[in-house]
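Q: take this sequence and fold it.
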Amino acid sequence: MSELPFKKKVALITGSARGIGSVIVRTFSALGANVVITHRKEGGSSEARGKKLCEEISGRGSRAILINCDISQKKSVHKAIEDTKAHFGRLDFLVLNAARAPFKPIEKLFERELRDLVNTNYLGHVFCIQEAIPLLEKTKGKIVFISSLGSRFHNPSYPLGSMKAAMESVVRDCSESLREKDISVNGVCGGLVKTDSFKTLRMYWDGIDRLPGWLFVTPEEIADVVIFLCGHEGRGINGQTLVVDRGMSNSLFRRVGQ
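A: Sure, this is the predicted structure:
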């Protein structure tokens with residue numbers, strides 16, 4: 001493997017000013033890629049973190065730009081892709097990481113919450129794919145969607161899981177429809193990861209604090225699989241969603257603390 005296998009290539013990672021997305025940004029940058037970092041809300045904490053992340057990446061010698069992008073709005077997505085083109089002239093990797101949803105049972109969601117759930121976590125990703133196709137076609141690019149085990153297993157207060165499942169179907173479908181354009185599409189289904197949202201998740205998952213530490217996946221482990229799918233080594237994989245959960249989902253029943 002080349003010391004910098006992604007040198008001169010460009011990766012756009014949505015929702016990447018914090019959490020798993022920021023680790024994916026750092027990993028791409030460490031391998032030579034220029035990166036596009038996005039955040040949703042102007043003036044918020046994510047924007048501040050994004051600016052610091054840009055400075056960090058630039059300090060290492062790579063190029064990074066921060067873009068305000070609400071993926072639920074197609075015009076915002078279009079602008080983000082155009083800004084990427086204006087700054088770098090190309091796009092090689094699109095990582096669909098952004099997510100937004102309340103911790104609340106589906107049957108208790110208000111109409112505005114339901115619409116936001118679908119607009120951000122389904123339509124938003126589809127908008128990103130649609131807008132990025134012209135650039136990705138030129139580079140024989142890669143698309144990677146970040147999913148979670150909520151797509152496969154019930155959690156009473158995790159409506160995001162149904163959108164993750166829907167997007168895993170999009171991964172399969174787009175891998176076929178974009179095959180002739182030489183664009184590969186895959187997903188990474190992450191297990192339990194201690195990010196900012198974990199603080200909220202523990203309020204709704206009784207006993208999660210008693211699970212053994214080895215069951216928790218690190219953001220770096222998720223990022224490594226994203227890199228694998230985007231690199232030469234992952235060339236034979238298309239339309240698949242790889243589960244990265246340290247084997248937690250292998251057992252349908254696991255006693256708390258076991």
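
Q: now the strands for the stretch 51-200 of the chain?
A: 64-68, 93-96, 142-148, 184-190 (DSSP state E, counting those that start in this stretch).

Q: go through the ones you listed and name the closest to Val10.
A: Taking Cβ to Cβ, strand 93-96 is the member of these nearest to Val10, at 7.3 Å. Every residue, glycine included, has its C-beta placed from N, CA and C.

Q: give me the sheet partners of that closest one and which way each runs.
A: When pairing is defined by DSSP bridges, strand 93-96 lines up against strand 10-13 (parallel), strand 142-148 (parallel).

Q: need the contact partners of it.
A: The contact list for strand 93-96 (Cβ atoms under 8 Å, 6 or more residues apart in numbering) reads 6, 9-14, 16, 21, 24, 28, 33, 125, 128-129, 132, 136, 141-146, 167, 226, 230.

Q: can you pull out the helices in this structure?
A: Using DSSP state H, the helices found in the chain span residues 19-30, 45-59, 74-88, 111-118, 124-139, 160-177, 198-201, 219-230.

Q: now distance to Gly239 and mean neighbour count too, for these, in TSV please.
A: Below are the helices of the chain laid out as TSV (distance: least, Cβ to Cβ, whole Å; neighbours: other Cβ atoms under 10 Å):
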stretch	distance to Gly239	mean neighbour count
helix 19-30	21	24
helix 45-59	31	17
helix 74-88	23	17
helix 111-118	23	14
helix 124-139	14	20
helix 160-177	3	18
helix 198-201	29	13
helix 219-230	11	21
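
Q: can I get these in JSON lines including mean pLDDT?
A: What follows is these, written out as JSON lines (pLDDT from 0 to 100):
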{"stretch": "helix 19-30", "mean pLDDT": "96"}
{"stretch": "helix 45-59", "mean pLDDT": "92"}
{"stretch": "helix 74-88", "mean pLDDT": "98"}
{"stretch": "helix 111-118", "mean pLDDT": "96"}
{"stretch": "helix 124-139", "mean pLDDT": "98"}
{"stretch": "helix 160-177", "mean pLDDT": "97"}
{"stretch": "helix 198-201", "mean pLDDT": "61"}
{"stretch": "helix 219-230", "mean pLDDT": "97"}
